[in-house]
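J.: build me a structure from this.
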Amino acid sequence: MAILEIIKYPDPRLKEASQPVQAFDDALRDFVADLEETMRAGPGGVGIAAPQVGRFERIVIVDVSGMRKLPAGSSNSGRLVLINPEITEWEGMAMGREGCMSVPDYTGNVIRAEKVRFTAHDEFGELHEYACEGYEARAVQHEADHLDGMLFLDRLVSRRTDLFRRKVYQQKDKR
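T.: All right, here's what the predicted structure looks like:
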């Protein structure tokens, strides 16, 4: 496994739309393992999308289970590998603070659905249906946006009032 380089804003590649995954093979599973290791190496990472490391396929990992305390009303499905995800239903809207490994210096307030239902394949090609709410639903929507070339910055109501400079985090030492 390897920690991959995260593409940072304003790199124009972050605006590229991703293509559906066609082959569910060992090469895909190796990439998913590298993508997950990259997510876990970052400070506070709960999700990552393949375009953030320069692979423009519809692959996302979300795992909020490592958070010390999830906000009330949040689901926790554990590790979700979502390949070719499709959000099929959404309900309610709420404002929440988001950050991104590709935008390391800022966080912002973004309005997202409070509950989502979606389908996705796992790394073995099996199709699953999911339902998430709260923080986990927000993370799924955030990562799915990357697959369409969107960042949380594109969803800010106002850059003047809803964008904030992030605290400086120490990188985890993986020796």
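
J.: going by C-alpha atoms from here, please, whenever you check contacts or count neighbours.
T.: OK.

J.: what sits against the residue nearest the centre of the chain?
T.: In the chain, the residue lying closest to the centroid (Cα atoms, centre = their mean) is residue 143, at 2.8 Å. Listed by Cα atoms under 8 Å, 6 or more residues apart in numbering, the contact set of residue 143 reads 47-49, 60-62.

J.: turn these into TSV, including neighbour count, distance to residue 22 and pLDDT.
T.: Output for the contacts of residue 143, formatted as TSV (neighbours: other Cα atoms under 10 Å; distance: Cα to Cα, whole Å; pLDDT from 0 to 100):
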residue	neighbour count	distance to residue 22	pLDDT
47	26	22	97
48	29	20	98
49	29	17	98
60	27	15	98
61	22	18	98
62	25	21	98
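
J.: now do the SS call for residue 24.
T.: Using DSSP: H, G, I helix; E, B strand; the rest coil, the structure places residue 24 in coil.

J.: list the buried residues of the lowest-mean-pLDDT helix or strand in the chain.
T.: Lowest on mean pLDDT, DSSP states H and E among the helices and strands of the chain sits strand 163-165, with a mean of 95. Neighbour-count burial for strand 163-165 flags residue 163 (criterion: 16 or more other Cα atoms under 10 Å).

J.: partners of it in the sheet?
T.: Take DSSP bridges as the rule and strand 163-165 pairs in its sheet with strand 103-121 (antiparallel).

J.: out of the contacts of residue 143, who's nearest residue 97?
T.: Using Cα to Cα, residue 47 comes nearest to residue 97 of the contacts of residue 143, at 14.6 Å.

J.: state the distance from that closest one to residue 160.
T.: As judged by Cα to Cα, to the nearest Å, residue 47 and residue 160 stand 26 Å apart.

J.: just the strands in the chain please.
T.: 47-49, 59-62, 80-100, 103-121, 127-133, 163-165 (DSSP state E).

J.: and those, which is most packed in?
T.: Compared across the strands of the chain, strand 47-49 shows the largest average neighbour count, a mean of 28 (mean count of other Cα atoms under 10 Å).

J.: show me what that strand is in contact with.
T.: Contacts of strand 47-49 (Cα under 8 Å, 6+ apart): 35-36, 39, 58-64, 139-140, 143-144, 146-147.

J.: do that again at 7 Å, thanks
T.: By Cα atoms under 7 Å, 6 or more residues apart in numbering, the surrounding residues in contact with strand 47-49 are 39, 59-63, 139, 143, 146.

J.: got the contact list for the closest residue to residue 37 other than its chain neighbours?
T.: Distance criterion Cα to Cα, 6 or more residues apart in numbering; nearest residue to residue 37, sequence neighbours excluded, is residue 3 at 5.9 Å. Counting by Cα under 7 Å, 6+ apart, residue 3 touches 34, 37-38.
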